[in-house]
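**Student:** Output the structure for:
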Amino acid sequence: MEPLDSTDPEAIGPYRLIARLGVGGMGRVYLARSAGGRTVAVKVVRGELAGDQEFLTRFGREVAAARAVDGTYTAPVVDAEVSGAQPWLATAYVLGPSLTDAVGRYGPLPEHSVRALGVGLAQALRAVHAAGLVHRDLKPSNVLLAADGPRVIDFGIARAMDGDQMTRTGVVVGSPGYMSPEQAAGLAMTPASDVFSLGSVLLYAACGHGPFESESGPAAQLYRVVHDQADLGELPASLREAVGACLAKEPARRPTPEQLSAMLAPDGPDSLLRDGWLPVPVASALARHAAAVMDLEAPVRNGSPAPAAQAAYSPTTTDGHAVADPGTMQLGGAAGPPGTTGGPGTVQLGAAQHGGGAPTLPQPAAPGPKPSRRNLLVAGGGVLALAAAGGIGWALSGHGGKPVAGGSTSPSPAPDSAASTGTVPLPAPTATRADGVPPGPLWTYPAKGRLGLGPAQFAGGLLLPPGDALVALDPASGKEQWARRDVQAIEMAAHGNDVYVSALGGAAGYDLRTSAPNWQSANRSTDNRTINANRLLGVDDKHLYLLADLTDANFASTSGVLAFALDTKQVAWFQERKKGTDTVFISSMVAGGNVFYTDADANLVARGGATGQQLWFADTGAKAAFQPAADDTQAYCLVGGTGLQAVRLSDGVQQWKIQLPAGQLGMFTPVTASGGVVYGSDGSASVSAWSAKDGTKLWTCPLPRSPSGLVPPVLVHDTLFVPGKGDEGLYAVDTKHAKVRWTFKNGLNTGDDWYLSTDGERLFAVFQSTVYCLPPV
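**Tutor:** Next up is the predicted model:
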């Protein structure tokens, strides 16, 4: 809270100003009092917005709608002027801290309080929805805890406050960790969207954290909201059904507010509030300081005697997050959800009371002369928040009214600022982003040893980067789930819940769920020859395929392709290769129960998975191990040494071919096929799409430089990720509009390739000794 100065008016409408609470995106926010003694927060529209007719039209429409909200558990709009030279909005105060601050100061709420909270919020949403509104920003800081029940604030008004931000492409209004999936994806919102947010708020109240928090920032939170299931394990068992129903990804599966009330309070809502609903520490703090609220009378201006215990504020913003709403009360030292720092008028009091790991916060300053009840309140010196719509309020100490100097440094979940647009970049597949502006990685994983020259594999819900150790990562967070430093995984083949690596001349398998070894191949063939495995080619439901040498008792060695039966661990078949085994230049794939490979012999060879018999071969004309690709019916490989061809998987008959334009040097790069389209490059500084049916070119997108000649692109939703080399980074190409969305670079100029893979939702890029996870936006 700040004193008024010469630029502040004496009154706004019928409300006499007492102090300035802060400056927001809409304008200034004041503490004010009506002639009849009603305390309100008045938000005054900035001059430039006051002249924006489009803004004023929306502002007037939404103020009228908000006025129609008539619910016990909402903080109402009490007055507004939308057509004058200086538009303003007045909202009622509520005696009580925000849920963010109460949980941060005193810890998670007990089950009884969570049920009462849920019932009150459900009733509030019922009133909001009945007025034709969708709240769109229900989160802990927009929930106030009054003695007679919770209150929802900022219902619908934030839409007008965002002004032109509402129509800006590629941004989402709201708070990342508490959005619904449809909101995070930029889709239409319904009342069910608010119910999802309500479920997230209840989980926060019961557990002390939101369901989708991430150390990687807002982009990762949004991704988790859309794609990850909430972990309800910390909730009391009796609350899981109700909260889980709210957090259903599909809006139609969520309960209505009325149904949620019945789930939480089978005996009716009054039964939860009859004997008080707040935990004793919060209720006691409210009772101690309620009288101070009513005594505030005289305005505070620059030049007036300062209260002896005036609370100072020093705004600090980090990591691009916004500051908290002006005047937002912070009850204590425990950190709230990550994301914001204190805003104008914010006061943080006390030390952490729970969790053990909360950051140290400013301690109470030495007491000065005992302030009057009125000065105590103006100074920001009690545990009680006087908050209106927008989270307006200030903090009073729960320890004898001693104020704290300094601003809040505790993190909280999302951009909460009235000065903030409330928008964040969207990492969902439907989002757009300004061309050339890459997202930050959702996470990075620096390997403890070197990584292999190949993509990470995805199986059993885990990500497996190749390298000196066998490591399993959580694809959502990048955290190690387990690691076996005793197992080398430069080459591996993953399938189902198992992963196989070369070991002891043959191959060994490990259970992805436990990391325990669960499979070891035989070390001798059926005719008693010693097996020496050279390269893994792939795995399917029945067989593990390798290149191997078989050596007899006279040390005579035969090279060929070998398959181990997964059930017996014995050699299922071995087929000698007429031209020997090239263990360096070979690329392979497994498709349709058969194994395919290319090598320096200028062929794509198909072998039957059941017997190993050569089914067919296609002449590629290239003395190179071009990585083949396949869809359900065709394989794609080089032809004539430089061109691209499609051959039928069943018999190898060529379906079409594309040759380089006359005079163009180079060769086609490896391709990827999906949805009837083949994506790749003809070696020029471009990437193209061809029809898988007949090879007709669909589009070409210029690139800054030629892509990697060894690594195929990867498609994630409608974004094609094209790998470059070293400092070229990787290109994200919008396949709907054939243009580069952005280029991701890590600043290293090494000439190494980027090896790409996907789990269908995220991109995983292996580069040198780091794995990067990027959103498909």
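
**Student:** In the stretch 351-500 of the chain, where is pLDDT below threshold?
**Tutor:** 351-436 (pLDDT under 70).

**Student:** and if we set it to 50?
**Tutor:** Along the stretch 351-500 of the chain, segments meeting pLDDT under 50 span 351-433.

**Student:** One more: the stretch 1-150 of the chain?
**Tutor:** In the stretch 1-150 of the chain, no residues with pLDDT under 50.

**Student:** Now do the strands in it.
**Tutor:** 11-12, 15-23, 27-34, 39-45, 77-81, 88-92, 94-95, 143-146, 149-152 (DSSP state E, counting those that start in this stretch).

**Student:** name the helices or strands packed onto the last one?
**Tutor:** Contacting strand 149-152 under the criterion 3 or more Cβ pairs under 8 Å, 6 or more residues apart in numbering; DSSP states H and E are the following elements: helix 111-130, strand 143-146. C-beta here means a position set from N, CA and C on the backbone, and glycine is covered the same way.

**Student:** Need the winner for burial among those.
**Tutor:** For those, the largest average neighbour count (mean count of other Cβ atoms under 10 Å) is found in strand 143-146, namely a mean of 26.

**Student:** Export the helices and strands packed on strand 149-152 to TSV and append columns for distance to residue 284.
**Tutor:** TSV is the format used below for the helices and strands packed on strand 149-152 (distance: least, Cβ to Cβ, whole Å):
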stretch	distance to residue 284
helix 111-130	14
strand 143-146	13
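
**Student:** nearest residue to the residue nearest the centre of the chain other than its sequence neighbours?
**Tutor:** Centroid check for the chain by Cα atoms, centre = their mean gives residue 220 as the closest residue, at 2.3 Å. Residue nearest to residue 220 in three dimensions, not counting chain neighbours: residue 214, with 3.8 Å by Cβ to Cβ, 6 or more residues apart in numbering.

**Student:** Do I have it right that that neighbour meets residue 224?
**Tutor:** Yes: contact criterion Cβ atoms under 8 Å: residue 214 and residue 224 qualify, at 6.0 Å.

**Student:** neighbour-wise, which of the two wins?
**Tutor:** Regarding residue 214 and residue 224, a neighbour count based on other Cβ atoms under 10 Å identifies residue 224 as having more, with 25 against 22.

**Student:** For the residue lying closest to that one once chain neighbours are set aside, list the residues it contacts.
**Tutor:** Setting aside the residues directly before and after it, residue 224 is nearest to residue 212 in space (Cβ to Cβ, 6+ apart), at 4.2 Å. Taking Cβ atoms under 8 Å, 6 or more residues apart in numbering as the criterion, residue 212 is in contact with 176, 177, 200, 221, 224, 225, 228, 230.

**Student:** How far away from the center of its chain is stretch 639-651?
**Tutor:** Remark: stretch 639-651 is offset 41 Å from the chain centroid, using Cα atoms, centre = their mean, to the nearest Å.

**Student:** got it, and stretch 733-752?
**Tutor:** Counting by Cα atoms, centre = their mean, stretch 733-752 comes out at 21 Å from the chain centroid.

**Student:** Now that stretch: buried residues?
**Tutor:** 733, 734, 735, 738, 740, 741, 742, 743, 744, 746 (16 or more other Cβ atoms under 10 Å).

**Student:** how close does residue 34 get to residue 18?
**Tutor:** 11 Å (Cβ to Cβ, to the nearest Å).

**Student:** Apologies, that question was intended for residue 137.
**Tutor:** For residue 137, the distance to residue 18 - Cβ to Cβ - is 27 Å.

**Student:** The two - which one has more neighbours?
**Tutor:** Legend: neighbour count by other Cβ under 10 Å for residue 137 and residue 18, higher for residue 137 (26 against 23).

**Student:** who does the helix or strand containing residue 618 touch, helix- and strand-wise?
**Tutor:** Using DSSP states H and E, residue 618 sits in strand 614-619. Counting contacts by 3+ Cβ pairs under 8 Å, 6+ apart, strand 614-619 packs against strand 603-608, strand 634-639.

**Student:** Go ahead and confirm residue 108 touches residue 202.
**Tutor:** No: contact between residue 108 and residue 202 fails when scored by Cβ under 8 Å: they sit 10.8 Å apart.

**Student:** the more surrounded of these two?
**Tutor:** residue 202 (27 against 20).

**Student:** all helices of this structure, in order?
**Tutor:** 47-50, 53-67, 99-106, 111-130, 157-161, 181-184, 191-207, 218-227, 237-246, 257-264, 270-273, 280-294, 373-378 (DSSP state H).

**Student:** now the fourth one against helix 99-106, angle please.
**Tutor:** Per axes from the mean of the first three to the mean of the last three Cα atoms, to 10 degrees, the angle that helix 111-130 makes with helix 99-106 is 170 degrees.
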